[in-house]
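> Provide a 3D model corresponding to the input given below.
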Amino acid sequence: MRNINEDTITQAVIAAMVGCKNPRLRTIMTSLVQHLHSFAREVKLTEAEWELAIGFLTEVGHITDDKRQEFILLSDTLGLSTLVTAQNNAKPLACTDSTVFGPFFVDGAPELPLGSDIANGARGEPCYVSGQVRGLDGRPVAGASMDVWQSDEDGHYDVQVPAASGEHTHRARARLHTDAEGRFNFRSILAVPYPIPHDGPVGRMLDALGRHPWRPAHLHFMIVATGYERLITHVFRDGDPYLDSDAVFGVRSTLVADWVRHEAGPTPDGQQSEVPFYTLQYNFVLNPITVDEVQK
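Next up, the predicted model:
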C-alpha cells in the first residue's frame, strides 16, 4: 500500500479489512469508511476542521461519566437515535410508538407496589398516573414490568442532583408491575419541559447551529412483558411549547396526552389534596413477538 492518494485511499482501507472474520462488522466498517471518505470529499474537509472535529469528540468523551452520557446526547441531537429507533421498531399502527431512550435511565430503580408515590421527595405539583397495558389483540398484559422516570420541576433527573449524603437517592423513578387486568397507577409529579445538559460540547454545537436545547414535558416508560416486544417510549404533555421543536426529535403525535388539572379536593387514590393536582390516563399497546423472532 504505497503511494496512496486521495483517489485510492478508500479502496486501500477497505482492502485492509480482508481478514475480518465477522461478516456484519466488515459490512458496517466498509460502508462507514466509504461514507466518511465521501463526506470529506464532498465538503472538502480542511485539516483545521478535521482537528476541530477530533477535539470535539475528545471533549464529548471526557465529559461522559456514570451520570452524564454526552455521546447519547450527541446521537439524540443529530437525529441518529430517532433514526435507529424508528428503523428497528416498525410495528402495526395500533401499537404504541417507540421513541428515544434518553441518557437518564438507571438500572436498579426501586420496585414499588401499584399506587406508590414514586416522586419520593422530587419537587413538583402532584400528579396521578393510571392506565392499562394491552396486547395487540386487546387482551390485558398482567405482570408487565414498567420502569418509569422523569425530571423534577427544575428539569433535573435524580442522577443530576448530588446527594447530600454522597449516596444516590432514587426520585421520580421506579419499577412497577401491572395487575391481573394489565392496569397500573402511581403518584408522581407534573411533567415539565427542560433543557438537555447544554454546558458541554453538545450544547456549544447546538448554539453554533442556532438550535435550542429544550425538550417538551414528558414521562419515560420502559415496558417489558413475556411474549411481547420491549417498549421504550415517552408520553408527552399536550400544549407544551416545544412539541414541534424537541431538541432530540422524539415526539410522536400518538404519544401526546392531556394532563388534566384538578382543584384541591378528593384524589384518585381516595385521599384529599390540599393543593391543586393533575391526572394523566394513558394506555399502552404492546406488539407480540412472532415465532420467528422467538427462534432468533
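> quick check: which ranges of this structure have low pLDDT?
Low-confidence segments of the chain (pLDDT under 70): 1, 163-167, 291-296.
> can you tell me the centre-most residue of it?
residue 101 (2.2 Å; C-alpha atoms, centre = their mean).
> now do the contacts for that one.
72, 81, 85, 232 (C-beta atoms under 8 Å, 6 or more residues apart in numbering). Yep, even glycine has a C-beta here, placed from its N, CA and C like the rest.
> repeat that for residue 168.
By C-beta under 8 Å, 6+ apart, the residues touching residue 168 are 158, 159.
> what about it, helix or strand, and which?
Using DSSP states H and E, residue 168 sits within no helix or strand.
> from residue 158, how far off is it?
Distance, residue 168 to residue 158, by C-beta to C-beta, to the nearest Å: 7 Å.
> tell me the SS of the residue nearest to the centre of the chain?
Residue 101 carries the three-state label coil when classified by DSSP: H, G, I helix; E, B strand; the rest coil.
> now the helices for the stretch 1-150 of the chain?
Taking DSSP state H, counting those that start in this stretch, the helices of the stretch 1-150 of the chain run over residues 9-15, 23-43, 47-63, 70-77, 80-88.
> point out the most buried one among those.
Compared across the helices of the stretch 1-150 of the chain, helix 70-77 shows the largest average neighbour count, a mean of 21 (mean count of other C-beta atoms under 10 Å).
> follow-up on the earlier one: which phi and psi does the residue nearest to the centre of the chain have?
Here is the backbone geometry of residue 101 (degrees, to the nearest 10): phi -70, psi -40.
> how close does it sit to residue 232?
Residue 101 is 5 Å from residue 232, where distance means C-beta to C-beta.
> what touches both of those two?
Taking C-beta under 8 Å, 6+ apart as the contact rule, residue 101 and residue 232 both touch residue 85.
> okay, now residue 155: neighbour count?
Neighbour count of residue 155, defined by other C-beta atoms under 10 Å: 15.
> I figured it was touching residue 193, is that so?
Yes - contact criterion C-beta atoms under 8 Å: residue 155 and residue 193 qualify, at 7.4 Å.
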